[in-house]
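> My questions concern the predicted model and sequence given below.
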Amino acid sequence: MFFGFFGRRSAAGADRTLLLELAARMPLLAGLNASERARLAGLAAVFARKKAFSGAAGLTVTPAMVATVSLQMALPVMSLGKEALDGWQEIVLYPSAFVVREHWMEPGGLVHEGASVLIGQARLDGPVVLSWPDVASSTGRDGWNVVIHEIAHKLDMLNGDANGFPPLHRGMSREQWSHDWAAAYADFQRRVEQGDEDGWLDPYAAESPAEFFAVLSEAFFESPQGLAEDYPAVYRQLVSFYRQDTLARLSALE
Ligand SMILES: [Zn+2]
């Protein structure tokens, strides 16, 4: 169920020239060669056209906003194809972090209700909701990217609730995936409890296997060094899953 927002529908598209211009300036995309960047821009143009972008809480969505979201959305799926993001339509941008009212049930039936302040949210069968200033500041390479985070949740949701176990490609082993992710997750939870995490990975990743997958996906695309060193098996799983070797691509820039 989605909360009521009264978004303003925007017809603002983003043309290919704008997409290529922005792509050339985005540090996040610096590791792509010219033909990869053109392919990414082509995919981003499809999302800019096909997804319904709207502004909430008075935000007017501009073509530059649509392009900035679409380019970052396209990065994780550039080797998977646009179909990877089928099945949902809407992208809602807020002018700041936004408040979501939620209720949840304890085992035993007690229902809680509360409100959370979020910068991004992906709903099963629903929209991706993003805080525009956080989208705008995600384009660097600091390991933090709200668009990639929510898109990772959307990919995870292709086989039901987000649980850190998205549908795998032919040839990938479900057993190996479970084994590698469970081992890394247990290790990171232990490190967070002991306060000895070394900083490349946001402790929020220890929240749940779904968040672990989404936060590691951010690191994978922005600054994969620590991930590849600390959790090499998970790094390799992400290479197979996203069909991109980000460490090879980004270390060429150092
Ligand atoms: Zn999340």
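Cool, got the structure.

> ok, how many other residues are close to residue 40?
When neighbours are defined as other C-beta atoms under 10 Å, residue 40 has 23 of them. Every C-beta, even on glycine, is put in place using the N, C-alpha and C of the backbone.

> hang on, residue 191 packs against residue 200?
No: counting by C-beta atoms under 8 Å, residue 191 sits too far from residue 200 to count as a contact (11.4 Å).

> right, and residue 97 touches residue 118 too?
Yes: using C-beta under 8 Å, residue 97 and residue 118 qualify as a contacting pair, with a distance of 6.4 Å.

> Which one of the two is surrounded by more residues?
In terms of neighbours (other C-beta under 10 Å), residue 118 is the more surrounded of residue 97 and residue 118; the figures are 17 against 13.

> Ramachandran angles for the more buried one?
Phi and psi for residue 118, reported as degrees, to the nearest 10, are phi -120, psi 160.

> tell me the phi and psi of the residue nearest to it when sequence neighbours are not counted?
Distances taken as C-beta to C-beta, 6 or more residues apart in numbering put residue 100 closest to residue 118, at 5.6 Å, once the chain neighbours are dropped. As for residue 100, its main-chain torsions (degrees, to the nearest 10) stand at phi -120, psi 130.

> burial measure for residue 100, as a count.
Here the number of neighbours of residue 100 (other C-beta under 10 Å) works out to 15.

> swap in residue 181?
The criterion is other C-beta under 10 Å. On that basis, residue 181 has 20 neighbouring residues.

> who touches it in this structure?
Remark: with contacts taken as C-beta atoms under 8 Å, 6 or more residues apart in numbering, residue 181 is in contact with 164-165, 209, 212-213, 234, 237.

> any chance of these in JSON lines, plus pLDDT?
Shown next, in JSON lines, are the contacts of residue 181 (pLDDT from 0 to 100):
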{"residue": "164", "pLDDT": "97"}
{"residue": "165", "pLDDT": "98"}
{"residue": "209", "pLDDT": "97"}
{"residue": "212", "pLDDT": "97"}
{"residue": "213", "pLDDT": "98"}
{"residue": "234", "pLDDT": "98"}
{"residue": "237", "pLDDT": "98"}
